[in-house]
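Novice: After the sequence you'll find the predicted model.
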Amino acid sequence: MLCIKNGLIYTMTQKEPIKGDVLIEDGKIRGIGADLEIPEGTEVIDAEGLEVYPGFVEAHCHTGLDGYGIGYEGRDYCELNDLVTPQLRAIDGINPFDPCFQHAREAGVTCIGTGPGSADVLGGTFAAVKTAGKRIDKMVVKYPVAMKCAFGENPKNCYQDKGDTSRMTTAALLRNELFKAKAYMEKKEAAGDDVQKQPEFNLKLESLIPVLKKEIPLKAHAHQANDIFTALRIAKEFGLDITLEHVTEGHMIADELAGEHVPMAVGPTLTHATKFELQNKSWTTPGVLASMGCQVSIITDAPVIPQEYLPLCAGLAVKAGMDEFDALKAITINPAKHLGVEDRVGSLEVGKDGDVVVMSGSPLKVESLVKWVVIDGVVVYNN
């Protein structure tokens, strides 16, 4: 058992913090509040004068797939020989020994959504994983959490000599694969147990069935406003769930997005506008969207921005006008909801995973230090 005592606790279930203790047993939170009864033999962290937060969560990155350092060997986040690869599984490529995992957890980032990059029209499935562990199978919180797809510059730039030179082509390729998967699924269902009537097995189409059944959403890479609307248009055509990733021009269409009720992950913003579609990048975007009632997460898209700077990105959004509580939600409970793992992480509540960050001050302030990080009830960092 582990008890974090006398801290100022930000549960993320309410705006105001409470002074008290967090008791963790067998990796789960068993109690939160003042004057908890602490069983004999419990390991105690004295958090007097410190602030206590749920482990930070990132909704979208490529940690463990886009390896530490530069070069072909560490690069496993895109398949560049095929435009359409829904059959790829993040868990088959993630390297838990990538130093980026250590950097993330030492900054208090305890759970991440990681998976294929955005070169492909369909890139494969994302996983929600903890940032501590040696074997990915034991780090998984939920798999799969989403099917990656991409719009805009990346597919047409990466495949301009291999069959995709326009946004129209990207959209058509995605539609074509969804139509094929729908027909494949319907044939399977109509055949029932009759093996003779079953369609020939197709791993690509098989991998899209959970998307068509709304068991997982499309995870749509989209920066420009027109790409965002194309992503939403296709999702509606096929009756799919969808999350929006990057949403760089979201502040320009916030009135439209407010009525869509779609989770949005905004970023990476702490970078130069390296592409035409990033020309309207702004730190105001997450705050504008949140003020319109949108569910907003802030992302680093690591390793585009080092993952340890996730709280800094939230702080810079506050500097640009975002409400502080909205910014804290954008790196805790909102990304947990975005990934569909809010039953386990993202807030400090009884029954949830014992993922806790103890800090000298607010994570939104650059001078605040991480003092302890706890994942599943185990101290993984102590400064």
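Specialist: Sure thing, it's come through. Numbering: from 1, shown residues only.

Novice: got any ranges where the stretch 151-300 of the chain has weak pLDDT?
Specialist: Along the stretch 151-300 of the chain, no part satisfies pLDDT under 70.

Novice: Tell me how far the helix or strand harbouring residue 179 lies from the chain's centre.
Specialist: Assessed by DSSP states H and E, residue 179 sits inside helix 167-191. Offset of helix 167-191 from its chain centre (CA atoms, centre = their mean, to the nearest Å): 26 Å.

Novice: next SSE after the helix or strand where residue 326 lies?
Specialist: Assigned by DSSP H and E, residue 326 belongs to helix 324-329. Downstream of helix 324-329, the next assigned helix or strand under DSSP H and E is helix 333-339.

Novice: Name the strands paired with the helix or strand just after that following helix and say parallel or antiparallel.
Specialist: Using DSSP H and E, the next helix or strand after helix 333-339 towards the C-terminus is strand 356-359. Partners of strand 356-359 in the sheet, by DSSP bridges, are strand 51-54 (antiparallel), strand 370-375 (antiparallel).

Novice: looking at those, which is closest to residue 198?
Specialist: Among those, strand 370-375 comes nearest to residue 198, with 43.4 Å by CB to CB. No exception for glycine: its C-beta is placed from N, CA and C like everyone else's.

Novice: export the helix or strand that that closest one is followed by as CSV, just CAs?
Specialist: Going down the chain from strand 370-375, the next helix or strand is strand 378-382, by DSSP H and E. Provided in CSV are the C-alpha atoms of strand 378-382 (Å, rounded to 0.1, in the frame of the first residue of the first chain):
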residue,chain,number,x,y,z
VAL,A,378,4.4,2.0,-7.7
VAL,A,379,6.8,5.0,-7.4
VAL,A,380,8.6,5.2,-10.8
TYR,A,381,10.3,8.5,-10.2
ASN,A,382,11.4,10.4,-7.1
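
Novice: hey, where'd the helices end up in this protein?
Specialist: Assigned by DSSP state H, the chain shows helices spanning 99-106, 136-139, 153-158, 167-191, 203-212, 225-238, 254-257, 285-291, 310-319, 324-329, 333-339.

Novice: Comparing those, which stretch has the densest surroundings?
Specialist: Highest mean neighbour count of the helices of the chain: helix 333-339, a mean of 27 (counted as mean count of other CB atoms under 10 Å).

Novice: Need the contact partners of it.
Specialist: 12, 54, 57-60, 111, 113, 126, 128, 141-142, 145-146, 243, 263, 265, 295-297, 299, 342, 344-347 (CB atoms under 8 Å, 6 or more residues apart in numbering).

Novice: For that helix, give the mean pLDDT please.
Specialist: Averaged over helix 333-339, pLDDT sits at 99.

Novice: before we move on, the earlier item: Serialize the strands paired with strand 356-359 to CSV and add fields for mean neighbour count, distance to residue 257 and mean pLDDT.
Specialist: Output for the strands paired with strand 356-359, formatted as CSV (neighbours: other CB atoms under 10 Å; distance: least, CB to CB, whole Å; pLDDT from 0 to 100):
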stretch, mean neighbour count, distance to residue 257, mean pLDDT
strand 51-54, 26, 26, 98
strand 370-375, 23, 33, 98
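
Novice: out of those strands, which comes closest to residue 197?
Specialist: Of all these, it is strand 370-375 that lies closest to residue 197, at 48.3 Å by CB to CB.

Novice: May I have the closest one exported as PDB, CA atoms only?
Specialist: The C-alpha trace of strand 370-375 is given here as PDB (Å, rounded to 0.1, in the frame of the first residue of the first chain):
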ATOM      1  CA  VAL A 370       8.000  17.000 -10.400                       C
ATOM      2  CA  LYS A 371       8.800  15.400  -7.000                       C
ATOM      3  CA  TRP A 372       7.200  11.900  -7.300                       C
ATOM      4  CA  VAL A 373       5.500  10.000 -10.000                       C
ATOM      5  CA  VAL A 374       3.400   6.900  -9.200                       C
ATOM      6  CA  ILE A 375       2.100   4.500 -11.900                       C
END
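
Novice: The strand of greatest length in the chain vs helix 225-238, what angle?
Specialist: Ordering each strand of the chain by length in residues (DSSP state E) puts strand 140-150 first. Here the directions of strand 140-150 and helix 225-238 differ by 110 degrees (axes from the mean of the first three to the mean of the last three CA atoms, to 10 degrees).

Novice: Relative to residue 85, which of the strands paired with strand 356-359 is closest?
Specialist: Per CB to CB, nearest to residue 85 of those: strand 370-375, 31.2 Å.

Novice: hmm, who's touching the closest one?
Specialist: With CB under 8 Å, 6+ apart, strand 370-375 has contacts from 2, 4, 24, 45, 47, 50, 55, 105-108, 110, 130-132, 353-360, 379-383.

Novice: if I pick the residue minimising distance to the centre of the chain, what's in contact with it?
Specialist: Nearest to the mean C-alpha position of the chain, by CA atoms, centre = their mean, lies residue 59 at 1.4 Å. Contact analysis of residue 59 by CB under 8 Å, 6+ apart lists 113, 243, 245, 263, 265, 297, 299, 334-335, 338-339.

Novice: I appreciate the help and will end here.
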